[in-house]
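S.K.: Turn this into a model:
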Amino acid sequence: MQNQTCTELIASNVGWLQQGLSLLGHIDEATFVNSPPGLAPHRVGSHLRHVLEFYECFLDGLGASQIDYDARKRDDLIERSRHVAAAKICTILRRLEALTFLEDHMLEVRVENGDGYLASSVGRELQALSSHTIHHFALIAVTLRVHGIQVDPNFGMSPSTLRYRAASQFAATSEAA
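M.R.: Down below sits the predicted model:
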């Protein structure tokens, strides 16, 4: 994998986290910490904490080239305070933006709920973090909609879905013309 690809993946992850930071400015504390009726245990705060702790595990493991996503801190302060969550996002953004890779580095990633490790790479883990973040942002979007809050329809949508929708709309518009 070329340095450019890792740089693009870092930029994608930075973009997702900036969306999350922006979202925090548009909701109140009660919406952040409470499950909407009928959707317990889903809470915006708990999904966001989970995402942020995956980024921390990735960043913390880079030095030793060994990542353990099961070693999350599970800091409930992040899920109980928008301000703590926002500060954590800013810290992770700074760390991600400081990353520079001359080439894609190989890593070991702990097998989920196991003792072994699998071979991976920085690029592969950045891609996995991106997909993981999109997935949880989609759950956050559903949670917010059940709370009665309008969410950007593109929030929590994968880039491939957005490209497909745009191409479909373009094709439909072209056929109608």
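
S.K.: Unless I misread the structure, residue 73 falls within a strand.
M.R.: No - read with DSSP: H, G, I helix; E, B strand; the rest coil, residue 73 is coil and lies in no strand.

S.K.: Could you give the number of residues near the spatially closest residue to it that is not a sequence neighbour?
M.R.: Distance criterion C-beta to C-beta, 6 or more residues apart in numbering; nearest residue to residue 73, sequence neighbours excluded, is residue 53 at 6.1 Å. All C-beta spots, glycine's among them, are computed from the backbone N, C-alpha and C. Residue 53 has 20 neighbours, counted by other C-beta atoms under 10 Å.

S.K.: what's near enough to touch residue 53?
M.R.: 72-75, 78 (C-beta atoms under 8 Å, 6 or more residues apart in numbering).

S.K.: Now it: which helix or strand?
M.R.: According to DSSP states H and E, residue 53 maps onto helix 44-61.

S.K.: Please identify the pairing partners of the next helix or strand after that helix and their relative orientation?
M.R.: Per DSSP H and E, helix 44-61 leads on to strand 66-67 as the next helix or strand towards the C-terminus. Its sheet considered, strand 66-67 pairs with strand 106-110 (parallel) by DSSP bridges.

S.K.: The partner strand versus helix 44-61: what angle between them?
M.R.: For strand 106-110 against helix 44-61, the angle by axes from the mean of the first three to the mean of the last three C-alpha atoms, to 10 degrees is 130 degrees.

S.K.: Okay, buried residues for the helix or strand following strand 106-110 please.
M.R.: Beyond strand 106-110 on the C-terminal side, the first helix or strand identified by DSSP H and E is strand 117-121. Neighbour-count burial for strand 117-121 flags 120-121 (criterion: 16 or more other C-beta atoms under 10 Å).
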